[in-house]
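# sequence and predicted structure, then a few things I'm wondering about:
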Amino acid sequence: MFVGNKLDLKLSEPSLSEGSNQDLSLESTLRDLPLFHFQAMSTCLGITVAEIFEKNPLLPGVILTEEGEFVGMMSRRRLLEYLLKPQALELFLNLPLKVLYSYARTEMLVLPESTTILIAAQQALRRSPELQGEPIIAVQSEPKSYRLLDVHALNIAYWQIRGIETQVRYERAQAQMIQSEKMASLGRLVDGVAHEILDPVGFIWGNLTYVTGYSENLIELLSAYEAIWPQIPEEISQLKEEIEFDFLKEDLPRTIGSIKAGAERLTKLATSLQNFCHIDEVHPKPFDLHNIIDGIVLLLKSRLTGEIEVVKNYGYLPPVPCYAGQLNQVFMNILTNAINALINEAVGQELAKEFRGVALTDPAHKPRIEITTEVCSPDPPVDTERPLLRWVSIRIADNGPGMSSGKQQRILQSFSTEKRAEKETSLAVSYQIVTAKHGGRFRMRSQLGIGTEFEILLPLV
């Protein structure tokens, strides 16, 4: 700090503690950059400021004050431009700064120190063309405290951040490519396993038809024998008792029916696995969304405990052009979130009941996931350019604890490109698939104590 003997002049250069270009990020603000505090009263002589500039070549300019109040600023470049004019040295060097400033006054850009570097650089570029070369910006840290920022340092920091952002995006793109390849390989593997399951199941299912017919024919034959020869030998009567023939005759159709049900369920599970691991083609194809949703619910059956009820309110849906494999991921993410919310609430209630001895909710309040589908024309229209377009609406709602406004805001923020680049959540991926890949809409509604609902709107071509 330099303080003139007779003039109110203060000078300090930035140190690393006041600002550094190290460890910059997308959220870095102007306070993270080197800021200069060179302040002089407007009555200070021009020659004094010129001497300070000569001794401190890094100073980008000077802040002018009157009675402690900020009145303006002048850059080193601006000062030198006027001093180089004919007879300017004799005119300005021995006169107060306010005289020179009355000639060199320009439009000022004053920014709070909380302004991010990215926004500050954009505002600096938006200045009028004659000010594009002006090398300083005033940074306000307190109501009456101002410091100077060198635009050159701001631009360097801006491009450093852009470089970091580009590198992060490149690394994320590489990671996504690797992950996509892994998922494609896993999808092909699971598809092969499902195919291997379906082959023997097909044998079982096909032969069950013959086994059913054979068993019915044999029982019919035995019944005919009993009708013709009511008096059967003692050895045969004893054998019938040993094998419990009457029970066997009644239970055999039920056993075959159980085998059929198991084979059918295994077939549906393997088919759902194949559909879930479906590798999308370049162009969307029409699919039955109800089959897709049913397949996901079947895959999640192990997590759907007996306490969680799934209610399906299916309306009539035509085949919807879509990328089935990606929509599988969307429905899986939303249903998984709903199941987690209901399970967490149930666990919390059980713990409260165990430690407090009282139930927090009505026992009749059964955890429920409700899936509703319909064709609609939203009012107001979702797409103002095509207001008459029909949409397919898929609403997945749970009666769980709901979300606070803060949590909802964080989820909505994660849908933005910048937040998604930092941390890609399952809901952010779902939003991207619905909006970017399908031209649809992804909506979320939640209320504490009521539950959460996600709505997916897909356009019908």
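Nice, thanks for sending it over. Quick caveat: nothing in here was measured; it's all calculated off a predicted structure.
# what's the burial count for residue 145?
Other residues near residue 145 come to 13 when the count uses other CB atoms under 10 Å. Using the backbone N, CA and C atoms, a C-beta is placed for each residue, glycine as well.
# is it in a bridge, and if so with what?
residue 142 (DSSP bridges).
# now stretch 241-261 - C-alpha only, PDB.
Coordinates of each C-alpha in stretch 241-261 appear next as PDB, following Å, rounded to 0.1, in the frame of the first residue of the first chain:
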ATOM      1  CA  GLU A 241     -54.700 -97.200  -2.900                       C
ATOM      2  CA  GLU A 242     -50.900 -97.100  -2.800                       C
ATOM      3  CA  ILE A 243     -50.600 -94.500  -5.500                       C
ATOM      4  CA  GLU A 244     -53.700 -92.600  -4.400                       C
ATOM      5  CA  PHE A 245     -55.300 -92.900  -7.800                       C
ATOM      6  CA  ASP A 246     -58.300 -90.800  -7.000                       C
ATOM      7  CA  PHE A 247     -56.200 -87.900  -5.800                       C
ATOM      8  CA  LEU A 248     -53.800 -88.300  -8.700                       C
ATOM      9  CA  LYS A 249     -56.600 -88.100 -11.200                       C
ATOM     10  CA  GLU A 250     -57.800 -84.800  -9.700                       C
ATOM     11  CA  ASP A 251     -54.300 -83.300  -9.100                       C
ATOM     12  CA  LEU A 252     -52.700 -84.200 -12.400                       C
ATOM     13  CA  PRO A 253     -54.500 -81.500 -14.400                       C
ATOM     14  CA  ARG A 254     -53.700 -78.900 -11.700                       C
ATOM     15  CA  THR A 255     -50.000 -79.900 -11.800                       C
ATOM     16  CA  ILE A 256     -49.900 -79.600 -15.600                       C
ATOM     17  CA  GLY A 257     -51.600 -76.300 -15.300                       C
ATOM     18  CA  SER A 258     -49.000 -75.100 -12.800                       C
ATOM     19  CA  ILE A 259     -46.200 -76.100 -15.200                       C
ATOM     20  CA  LYS A 260     -47.900 -74.200 -18.000                       C
ATOM     21  CA  ALA A 261     -48.200 -71.100 -15.800                       C
END
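# how about it: buried residues?
252, 256, 260 (16 or more other CB atoms under 10 Å).
# just checking, next helix/strand downstream of whichever strand or helix holds the second one?
Spelled out, it's residue 256. If you go by DSSP states H and E, residue 256 is part of helix 245-276. As assigned by DSSP H and E, the chain's next helix or strand after helix 245-276 is strand 285-287.
# helices or strands up against that next one?
strand 320-322, helix 324-356 (3 or more CB pairs under 8 Å, 6 or more residues apart in numbering; DSSP states H and E).
# just give me the longest helix of the chain.
Assignment by DSSP state H gives helix 151-228 as the longest helix of the chain.
# tilt between that one and helix 324-356?
90 degrees (axes from the mean of the first three to the mean of the last three CA atoms, to 10 degrees).
# just checking, what packs against helix 151-228?
Against helix 151-228 (3+ CB pairs under 8 Å, 6+ apart) you get helix 117-125, strand 136-142, helix 245-276, helix 417-422.
# give me the low-pLDDT residue ranges for the stretch 101-250 of the chain?
Low-confidence regions of the stretch 101-250 of the chain, defined by pLDDT under 70, span residues 130-135, 175-176, 178-187.
# the stretch 251-400 of the chain now?
Those would be 278-281, 305-306, 348-364, 378-388, if you go by pLDDT under 70 across the stretch 251-400 of the chain.
# ok, back up a step: distance to residue 207 added to the helices and strands packed on helix 151-228, as TSV?
Shown next, in TSV, are those (distance: least, CB to CB, whole Å):
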stretch	distance to residue 207
helix 117-125	68
strand 136-142	82
helix 245-276	10
helix 417-422	52
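# out of the ones you listed, which comes closest to residue 289?
helix 245-276 (11.6 Å; CB to CB).
# and residue 51, helix, strand or coil?
helix (DSSP: H, G, I helix; E, B strand; the rest coil).
# could you check how many residues crowd around it?
Neighbour number of residue 51 under other CB under 10 Å is 12.
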